[in-house]
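> need coordinates for the below:
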Amino acid sequence: MLSEPQWRDAAAMLPFLADPRAAATRAFVSQATHMRFPAAATIFEEGDLCNTFAILAAGRVRVFKIGETGREITLYRFARGESCILTASCILSERQFPAIATVEEPAEACVVSHTIFQSWVDAFPPWRSYVFHLLSQRLATVMAVVDEVAFRRMDVRIVELLLSQPVSVGSVITLTHQQIAAELGSSREVISRILADFAAGGLVQVSRGSVAILDRPGLVRRAELLAR
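Numbering: from 1, shown residues only. Predicted structure coming up:
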């Protein structure tokens with residue numbers, strides 16, 4: 001059962017829970033529990049049964065696949081007010097989880113059992129709308145991933161990833177070659193080769209566990225040229 005502050009926080013994320021008299025709200029408050037998950041915790045492994053459904057109140061979770069060669073690819077992330085659509089899909093279709101979900105930033109969530117979640121989708125139109133909205137969002141995200149992997153140059157994608165990252169003093173980005181490879185669905189060897197090429201052109205400086213951007217406008221021009 002949720003406390004009143006926890007319910008109010010949930011209602012701030014999901015406005016259809018704001019009315020304390022609504023049946024969906026009463027069910028949520030009485031049947032959901034508040035849980036915390038540390039960073040690096042694994043929520044689901046590939047092949048797991050989905051016996052819970054969680055809506056994040058804080059933190060971030062990454063959902064990804066690992067291929068037979070050991071290469072990773074990020075399918076999507078979800079954060080506050082969001083949930084894992086693969087979990088919802090597995091619960092509703094009674095299938096096993098087809099990927100891996102891990103906590104990237106310490107997370108808090110409102111959690112219910114799979115049977116309760118399924119009953120809510122059947123009984124409450126707002127919950128059905130929430131799930132369908134998640135589905136449309138995540139389908140668009142996964143389609144964008146397919147487009148990136150299948151049709152766009154890896155060097156352009158690396159530039160875009162580097163330019164989107166937060167930087168510290170000296171424009172240093174704390175990312176290993178393996179982390180970049182996992183994010184983009186490539187191999188560490190490919191990433192290292194492309195970064196070495198950027199470094200030879202004076203665009204970046206590569207160190208162990210980090211990349212320093214030396215020429216941001218040059219990186220932008222490089223990406224624009226390669227994308228033509």
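
> please, where are all the strands along this protein?
Shown for the chain, the strands assigned by DSSP state E span residues 33-37, 42-44, 52-66, 72-78, 100-113, 172-173, 204-207, 210-213.

> restrict the longest one to CA atoms and write it as PDB.
In this case it means strand 52-66. Included here for strand 52-66 are C-alpha records, laid out as PDB according to Å, rounded to 0.1, in the frame of the first residue of the first chain:
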ATOM      1  CA  THR A  52       5.800  -7.500 -11.700                       C
ATOM      2  CA  PHE A  53       5.100  -4.300 -13.400                       C
ATOM      3  CA  ALA A  54       6.800  -1.100 -12.300                       C
ATOM      4  CA  ILE A  55       6.400   2.600 -12.900                       C
ATOM      5  CA  LEU A  56       9.500   4.600 -12.200                       C
ATOM      6  CA  ALA A  57       9.300   7.500  -9.800                       C
ATOM      7  CA  ALA A  58      13.000   8.200 -10.000                       C
ATOM      8  CA  GLY A  59      16.200   6.900 -11.700                       C
ATOM      9  CA  ARG A  60      16.700   5.400 -15.100                       C
ATOM     10  CA  VAL A  61      16.600   1.800 -16.500                       C
ATOM     11  CA  ARG A  62      18.300   0.600 -19.700                       C
ATOM     12  CA  VAL A  63      16.800  -2.200 -21.800                       C
ATOM     13  CA  PHE A  64      19.200  -3.900 -24.200                       C
ATOM     14  CA  LYS A  65      19.900  -7.100 -26.100                       C
ATOM     15  CA  ILE A  66      23.100  -9.200 -26.300                       C
END
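
> count the residues that sit near residue 136.
For residue 136, the tally of surrounding residues (other CB atoms under 10 Å) stands at 11. All C-beta atoms are positioned from the backbone trio N, CA, C, and that covers glycine.

> for it, give me the pLDDT.
Listed pLDDT for residue 136 reads 84.

> so what's it up against?
Under the criterion of CB atoms under 8 Å, 6 or more residues apart in numbering, residue 136 has no neighbours.

> how about residue 16, what does it touch?
Taking CB under 8 Å, 6+ apart, one finds 22, 24, 25, 126, 129, 130 in contact with residue 16.

> quick one on the thing from earlier: redo the strands of the chain as JSON lines? Include mean neighbour count, distance to residue 151 and mean pLDDT.
Formatted as JSON lines, the strands of the chain follow (neighbours: other CB atoms under 10 Å; distance: least, CB to CB, whole Å; pLDDT from 0 to 100):
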{"stretch": "strand 33-37", "mean neighbour count": "16", "distance to residue 151": "35", "mean pLDDT": "96"}
{"stretch": "strand 42-44", "mean neighbour count": "18", "distance to residue 151": "29", "mean pLDDT": "94"}
{"stretch": "strand 52-66", "mean neighbour count": "20", "distance to residue 151": "19", "mean pLDDT": "94"}
{"stretch": "strand 72-78", "mean neighbour count": "19", "distance to residue 151": "15", "mean pLDDT": "88"}
{"stretch": "strand 100-113", "mean neighbour count": "19", "distance to residue 151": "25", "mean pLDDT": "95"}
{"stretch": "strand 172-173", "mean neighbour count": "17", "distance to residue 151": "25", "mean pLDDT": "88"}
{"stretch": "strand 204-207", "mean neighbour count": "16", "distance to residue 151": "25", "mean pLDDT": "90"}
{"stretch": "strand 210-213", "mean neighbour count": "19", "distance to residue 151": "25", "mean pLDDT": "90"}
